[in-house]
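*Asks:* Okay, predicted coordinates and the sequence, questions at the end:
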Amino acid sequence: MSWSWPDQPRRVVVTGMGALSAVGNDVESTWAGLVAGRSGIARVTMFDPSRLASQIAGEVKGFDPSGILDRKEIRRNDRYTQFALVATREAMAQAAARE
């Protein structure tokens with residue numbers, strides 16, 4: 001069996017958004033931070049950056065996945081995977097609210 005491009009491209013509809021960024025921990029706070037001109041760039045706080053040439057980064061601050069993920073999911077997944085899961089759940093909730 002071989003795969004080929006479909007005759008007509010599939011249409012995709014974006015119905016919800018989810019965001020975790022250095023400016024905010026959800027879509028609303030991220031957008032408000034961007035509109036206000038806030039920067040998420042600051043000195044690294046997640047580890048000791050003293051041995052690095054650059055000591056600034058855009059970190060996600062104040063992230064607490066326990067409101068969305070259960071303790072087992074938090075323990076089982078790395079932090080970046082938790083970001084994806086939380087943002088995905090936010091997008092799904094937003095999409096469901098628009099139905």
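*Replies:* Received it, and whenever you're ready, just let me know what you need. Note that the structure is a prediction, hence the values are computed from the model and not measured.
*Asks:* mind listing what residue 65 touches?
*Replies:* Shown in contact with residue 65 (Cβ atoms under 8 Å, 6 or more residues apart in numbering): 73, 74, 82, 85, 86. Where C-beta positions appear, they are placed from N, C-alpha and C, glycine not excepted.
*Asks:* between these, which is nearest residue 66?
*Replies:* Comparing these against residue 66 with Cβ to Cβ places residue 74 closest, at 6.6 Å.
*Asks:* now, which of the contacts of residue 65 lie within helices?
*Replies:* Under the assignment DSSP state H, the contacts of residue 65 contribute 73, 74, 82, 85, 86 to helices.
*Asks:* Save those as JSON lines, and put in distance to residue 58 and pLDDT too.
*Replies:* Shown next, in JSON lines, are the ones in helices among the contacts of residue 65 (distance: Cβ to Cβ, whole Å; pLDDT from 0 to 100):
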{"residue": "73", "distance to residue 58": "25", "pLDDT": "94"}
{"residue": "74", "distance to residue 58": "22", "pLDDT": "96"}
{"residue": "82", "distance to residue 58": "17", "pLDDT": "96"}
{"residue": "85", "distance to residue 58": "20", "pLDDT": "94"}
{"residue": "86", "distance to residue 58": "17", "pLDDT": "95"}
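*Asks:* Only whichever of those residues are buried, select them in PyMOL.
*Replies:* Buried members of the ones in helices among the contacts of residue 65 can be picked out in PyMOL with the line below, counting by 16 or more other Cβ atoms under 10 Å:
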select buried, resi 74+82+85+86
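*Asks:* Now the ones in helices among the contacts of residue 65 in CSV, please, with extra columns for distance to residue 2.
*Replies:* As requested, the ones in helices among the contacts of residue 65 are arranged in CSV below (distance: Cβ to Cβ, whole Å):
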residue, distance to residue 2
73, 39
74, 43
82, 39
85, 35
86, 39
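*Asks:* Any idea how far apart the tips of stretch 58-74 sit?
*Replies:* 22 Å (Cα to Cα, to the nearest Å).
*Asks:* Identify each buried residue in it, please.
*Replies:* In stretch 58-74, counting by 16+ other Cβ under 10 Å, buried: 59, 60, 65, 68, 69, 74.
*Asks:* quick one on the thing from earlier: now, among the contacts of residue 65, which is nearest to residue 27?
*Replies:* residue 86 (11.4 Å).
*Asks:* That's all I had, so thanks and see you.
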